[in-house]
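Trainee: task: produce atomic coordinates for the following.
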Amino acid sequence: MILHSVQDDSPASGPGGLRTGDQILEYNGTDLRNATAEEAAYELARPVDNVKILAQYDLNRYAEIQDQPGDSFYVRCLFDRASIDGSLAFHKDDILHIDNTMYKGVPGQWRAWLLDQDGQKVRCGYVPSKYKAEEELLMKRSLLDLDDGSGRRGSTSARRSFFRRRRHHRSRDGKELASFSDVSINSCSDSAGTLAEDLPPTYLRVDRINYPSLRPVILVGPLQEAVVDKLEQDFPHLFQRCVPEATRASLQTLERSLQELEIVDFRRRGSHFECITMAAIQTISQKMCHAFLDVSLSAVERLNKCHI
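Mentor: Next comes the predicted model:
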């Protein structure tokens, strides 16, 4: 958030005050470094008696972004929504690029681009913000409860459910576009301690990652070996098994290598250990092949950290 101008009669003007190009880092103790335009507007609109601002002058940054959209982030949709009053329709698991969280200056509306499987923009329109979407879904749920004639819930219970809160939500659906990776929800979520217990899932913040090579594959299940053998035999130009490397390094050394992301996973084999190294995976990827990895699912997080 960078100031465009300061009115002459504002208490913030004058010597020692704010000026064009000042970036607001904190407002009354709230960190605004990564806030969306909508979040910043809500925070600044709070009624307070005193204001404390931490600012940093950055005129070059202001010149770079003054003619650009104020927001730019990606979300995965966690619910279906038809077009209402001309809004953009989307389905669960669609990816949206949000470039304006104060569409036409209206709080509660985001301008969004619907992306295809290749991450290319398909359609543009407005969608409800996270908070508005939650309101819509809670209201729909409450009305369904009120219309429920089973007697299991009364109107008092239904109204109460509208305000109940839930813990941190994470999508359980495994479907994921190859060019996007789940991250901490930041501007699309609050901390687990303040989330509503029964709050319906709306959007999940994701990062777009451009991979220069093919990504590795982890198969699980009773037919894992048979599937790997079949794919490697039928499509040797696309799939290659990543052979573990034997080592007699100490357990402490291997655990340190895990922390430093030099290896993905390891297991004991008799008197030695077998490990899958990042270097081995990258060697296969550079051949434009998918590397088959025989690792635990906990290795996925380490692969994501290395953008592999």
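Trainee: shaky segments in this protein?
Mentor: For the chain, applying pLDDT under 70 flags the ranges 65, 67-69, 147-197.
Trainee: centroid-wise, who is the farthest residue in it?
Mentor: Summary for the chain: using CA atoms, centre = their mean, the residue whose C-alpha lies farthest from the chain's mean C-alpha position is S271, with a distance of 42.3 Å.
Trainee: list the contacts of it.
Mentor: S271 makes contacts with R248, as judged by CB atoms under 8 Å, 6 or more residues apart in numbering. All C-beta spots, glycine's among them, are computed from the backbone N, C-alpha and C.
Trainee: which parts of the helix or strand containing L231 are buried?
Mentor: Secondary-structure element containing L231, defined by DSSP states H and E: helix 224-234. Residues 228, 231-232 are the ones in helix 224-234 that count as buried (16 or more other CB atoms under 10 Å).
Trainee: would you map the helices across this structure?
Mentor: For the chain, the helices identified by DSSP state H occupy 37-44, 59-65, 130-147, 155-161, 224-234, 251-259, 278-285, 299-305, in order along the chain.
Trainee: ok, back up a step: could the buried residues of helix 224-234 go into JSON lines alongside distance to Q66?
Mentor: Putting the buried residues of helix 224-234 into JSON lines (distance: CB to CB, whole Å) gives the following:
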{"residue": "V228", "distance to Q66": "53"}
{"residue": "L231", "distance to Q66": "51"}
{"residue": "E232", "distance to Q66": "54"}
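Trainee: quick check: of those residues, which lies closest to R208?
Mentor: L231 (27.7 Å; CB to CB).
Trainee: tell me who's in contact with that closest one.
Mentor: Listed by CB under 8 Å, 6+ apart, the contact partners of L231 are 238-239, 292.
Trainee: which one (most neighbours) among those residues?
Mentor: F292 (22 neighbours; other CB atoms under 10 Å).
Trainee: that one and S213, how far apart?
Mentor: If you measure F292 against S213 using CB to CB, to the nearest Å, the figure is 15 Å.
Trainee: kindly report the same for L18.
Mentor: From L18 over to S213 the distance is 47 Å, taken as CB to CB.
Trainee: pretty sure S87 sits against C124.
Mentor: No. Counting by CB atoms under 8 Å, C124 is not a contact partner of S87; they are 11.3 Å apart.
Trainee: so between those two, which is more surrounded?
Mentor: For S87 versus C124, neighbours defined as other CB under 10 Å are more numerous around S87 (16 against 12).
Trainee: for that one, which non-adjacent residue is closest in space?
Mentor: With CB to CB, 6 or more residues apart in numbering as the measure, Y126 is the residue that lies nearest to S87, at 5.4 Å, once sequence neighbours are left out.
Trainee: how does this protein divide into domains?
Mentor: Domain assignment for the chain by the TED database gives 2-66, 73-131, 223-306.
Trainee: of those domains, which is nearest L138?
Mentor: The nearest among these, by CB to CB, is domain 73-131 at 10.6 Å.
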